[in-house]
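Q: pasting the sequence and the predicted model now:
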Amino acid sequence: MASQGKHQTGKNRHFIQALRHAFDGIVTMLKEERNMRYHVLAAALVLLLGVLLRVSTADWLWLLLVIFLVFAAEFLNTVTEAVTDLLVRHQYDIEVKKAKDVAAGGVLIAACFAIVVGLIIFGPRLLKLIE
Ligand SMILES: Nc1ncnc2c1ncn2[C@@H]1O[C@H](COP(=O)(O)OP(=O)(O)OP(=O)(O)O)[C@@H](O)[C@H]1O
């Protein structure tokens, strides 16, 4: 394993080590990315609503799909920010702007898709409750 002091810089040697680093990545997202915490909160509310309104198995699959799409888009957004910040060290760069804006656009598209799916699944049920 390549290392700088006690810090690993090379490939993982076994599955558990890879798993630990992947877990570190998830913890970092939750600790350092405010938007990720909002996504987790929104996902928890969606799951609670799904349980309360007893949605069907097919609806659960859609809800889980959009939740994980938003999470994946946010992870890619953070990777883009980290790598581009490393490249330019906070200097303005038009290509960095493009990369960051596109990555943020990906999150926005995924979030809009999630809202549409949520409205289709929960909208009629919530309206029935109100009527
Ligand atoms: N080095 C740079 N060069 C050019 N534009 C930049 C640069 N850094 C940031 N920007 C612009 O600022 C916007 C916000 O930057 P960045 O995504 O780093 O901030 P953020 O608010 O921390 O994002 P998030 O809330 O997703 O973590 C980018 O979408 C981009 O338009």
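A: Good, I have the coordinates. Numbering: from 1, shown residues only.
Q: residues in contact with Arg37?
A: When the contact criterion is C-beta atoms under 8 Å, 6 or more residues apart in numbering, the partners of Arg37 are Leu30. From N, CA and C alone the C-beta is placed, and that goes for glycine too.
Q: what helix or strand is it on?
A: In this structure, Arg37 sits in helix 34-52 according to DSSP states H and E.
Q: ditto for Leu129
A: helix 94-130.
Q: quick check, that helix touching the ligand?
A: Yes: Helix 94-130 reaches the ligand (C-beta under 6 Å from any ligand atom) through Val96, Lys97, Lys100, Asp101, Ala104.
Q: now that helix: average pLDDT?
A: Summarised as a single mean, pLDDT over helix 94-130 is 96.
Q: one step back: redo the residues of helix 94-130 next to the ligand as a markdown table? Include neighbour count.
A: Formatted as a markdown table, the residues of helix 94-130 next to the ligand follow (neighbours: other C-beta atoms under 10 Å):
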| residue | neighbour count |
| --- | --- |
| Val96 | 18 |
| Lys97 | 11 |
| Lys100 | 16 |
| Asp101 | 11 |
| Ala104 | 16 |
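Q: OK, contacts around the most centrally placed residue in the chain?
A: The chain has Phe71 as the residue nearest its centroid, 1.8 Å off, counting by C-alpha atoms, centre = their mean. Counting by C-beta under 8 Å, 6+ apart, Phe71 touches Met36, His39, Ala43.
Q: how about Ala99?
A: Applying C-beta under 8 Å, 6+ apart to Ala99 gives the contacts Thr80, Thr84.
Q: same deal with Ala43?
A: Applying C-beta under 8 Å, 6+ apart to Ala43 gives the contacts Ile67, Val70, Phe71.
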